[in-house]
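A.B. asks: Predicted model and sequence below, questions to follow.
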Amino acid sequence: MRKYITEFIGTFFLVLIIGLVVIGGTGDFAPLAIGAVLMVMIFAGGHISGAHYNPAVTFAVLLRGRIKIVDAIGYWIVQVAGAGVAYLAVMYLLADKMPPEAQEMADTSKGLLAEFLGTFALAYVVLNTATSKGTKDNSFYGLAIGFTVMTMAYAMGSISGGAFNPAVAVGISLMKLAAWNNIWVYLIGCFAGAAMAALVFRISSPDDHQRVPPAQ
């Protein structure tokens, strides 16, 4: 149960900060705050749940063989739930600033590619810093993952919204920062990017096929 609570809390704060800094109007500093909150939540919960806070990352870790399907489904449920509760908190805190309606993505084909590339980079970094035998017990994985999200958000946020996370996509759609008509862009782009990262990890690390550890 503590794994699911950790995933809920981490995803909640990630989506909460996204809503507060974007709707609250911090402008160019938004990706910095988003990357920072992800970093600290990873350091806080990594030893408990692996600190995915992202259904696409969970999918990559599942394909990599480090989480059971039952746990993956549980993670997906609490991650989306965390995003939903974060929306309620943002709506209460910034009721007067909530967007009246969402704008459609300017170019869904470019958005799809942006989400694919951003999620691939994120999942690739996660797999190589947080699950690889070569980097076991390192102390930098939270910083690496947080900076990856920050960098991808700065680079591609103007193209797709820079979710790189299906739970975040649900959250920003609820907040009307993204149109529900574009949710498929995030789902396909994010999960495809995660799957490609898992495939590349297996190819580049053929001897690192450690399976799910025994339950403690």
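C.D. replies: Received, thanks.
A.B. asks: contact partners of the longest helix seen in the chain?
C.D. replies: When the chain is parsed with DSSP state H, its longest helix is helix 69-93. Under the contact criterion CB atoms under 8 Å, 6 or more residues apart in numbering, helix 69-93 has outside partners 3-5, 7-16, 19-20, 23, 49, 52-55, 58-59, 61-62, 67, 98, 166-168, 170-171, 174-175. For the C-beta atoms, the positions are set from N, CA and C on the backbone; glycine is no exception.
A.B. asks: What subset of those is buried?
C.D. replies: The neighbour-count test (16 or more other CB atoms under 10 Å) marks 3-4, 7-16, 19-20, 23, 49, 52-55, 58-59, 61-62, 67, 166-168, 170-171, 174-175 as buried among the contacts of helix 69-93.
A.B. asks: The residues you listed in helices, which ones?
C.D. replies: Those of the buried ones among the contacts of helix 69-93 lying in helices (DSSP H): 3-4, 7-16, 19-20, 23, 49, 55, 58-59, 61-62, 166-168, 170-171, 174.
A.B. asks: for Leu62, what are its contacts?
C.D. replies: Ile69, Ala72.
A.B. asks: Could you pull up the residues touching the nearest residue to Arg66 once chain neighbours are set aside?
C.D. replies: Take Arg66 and drop its neighbours on the chain: the residue closest to it by CB to CB, 6 or more residues apart in numbering is Thr131, 5.2 Å away. Contacts were defined as CB under 8 Å, 6+ apart; by that measure Thr131 touches Gly50, Val61, Arg64, Arg66, Gln210.
A.B. asks: mind checking how far Thr131 is from Phe59?
C.D. replies: 13 Å (CB to CB, to the nearest Å).
A.B. asks: Low-confidence stretches in this structure?
C.D. replies: Where the chain drops to pLDDT under 70, the residues are 209-216.
A.B. asks: any idea how far Tyr154 is from Ala30?
C.D. replies: 9 Å.
A.B. asks: of the two, who's got more company?
C.D. replies: Ala30 (22 against 15; other CB atoms under 10 Å).
A.B. asks: Contacts only, for the more buried one.
C.D. replies: By CB under 8 Å, 6+ apart, the contact set of Ala30 is Ile18, Val21, Val22, Ala153, Gly157.
A.B. asks: Next: Gly45.
C.D. replies: Neighbours of Gly45 in contact, by CB under 8 Å, 6+ apart: Thr6, Glu7, Ile9, Gly10, Ala51, Tyr53.
A.B. asks: repeat for Met98
C.D. replies: Residues near Met98 by CB under 8 Å, 6+ apart: Ile23, Val90, Met91, Met175, Lys176.
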